[in-house]
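**Student:** Kindly return the folded structure for what I paste below:
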Amino acid sequence: MQKVVFIDRDGVINVEPGEELYVMKWEKFKFLPGSLEALKKLAAARYKILVISNQAGVSRGLFTMSELEDITKKMLSEVNKAGGRIDGVFYCPHKTEDNCDCRKPKTGLFEKAIKGVAYDPKDTFFIGDTERDVIAGKKAGYKTVLVLTGKAKAQDVRDWQAKPDFTKKDLLEAATWIIEKYS
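**Tutor:** As a prediction, this is how the structure comes out:
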């Protein structure tokens, strides 16, 4: 069985774009401290690493799918240069009102990303930074890990209807913990 970890992008791997809402060009993409090392550790521990991210800015006309793919290509290159790996990147380019199956908290992106992989959902993780990520991970049957580097703050979680299974300060702490406890 393949060990799998799903990871949200903005606020987990890279700095949350803040008021701009979206990373629309590579110059605005900044890796969070420790995220490259986390991806390297997960790769060395033989996890299948899949990035799942809502990117409604595409359907809103703020940037094109081609521009998003360019950011992704450069992100993957930097991850590889740092000794890490990402096995697949899957985006939902739709707005909430499009009512698609791929926009988190729905599970369509997970299903697409994991197709053909022999894995155990109960031993799979989704690392994210929002309640929407927690809901999506739980709907998919995964262990959810909230990191506090993006939109969520520790005090916010108390008010959430869906609580994460685990909370870690950042992707590096989450990855290290997963490897030590579950590998």
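**Student:** what are the ranges of the helices in this protein?
**Tutor:** 35-44, 65-81, 108-114, 131-140, 154-157, 171-182 (DSSP state H).
**Student:** Could you tell me the least trusted of those?
**Tutor:** Among the helices of the chain, helix 154-157 carries the lowest mean pLDDT, at a mean of 74.
**Student:** between the helices of the chain, which one is nearest to Ile7?
**Tutor:** Nearest of these to Ile7, taken as Cβ to Cβ: helix 171-182 at 7.1 Å. All C-beta atoms are positioned from the backbone trio N, CA, C, and that covers glycine.
**Student:** Go through the closest one and flag the buried ones.
**Tutor:** Residues of helix 171-182 classed as buried: 171-176, 178-179 (neighbour count, 16 or more other Cβ atoms under 10 Å).
**Student:** ok, and what's touching it?
**Tutor:** Here helix 171-182 makes contact (Cβ atoms under 8 Å, 6 or more residues apart in numbering) with 3, 5, 7, 12-13, 32-35, 37-39, 41-42, 45, 47, 123, 125, 127, 145, 147, 149, 166, 168.
**Student:** Any of those residues buried? List them.
**Tutor:** Buried subset of the contacts of helix 171-182 (neighbour count, 16+ other Cβ under 10 Å): 3, 5, 7, 12-13, 32, 34-35, 37-39, 41-42, 45, 47, 125, 127, 145, 147, 149, 168.
**Student:** Ile71: which of the buried residues of helix 171-182 is nearest?
**Tutor:** Leu171 (18.0 Å).
**Student:** Excluding chain neighbours, give the residue nearest to the closest one in space.
**Tutor:** Distances taken as Cβ to Cβ, 6 or more residues apart in numbering place Ala38 nearest to Leu171, at 4.3 Å, with adjacent residues excluded.
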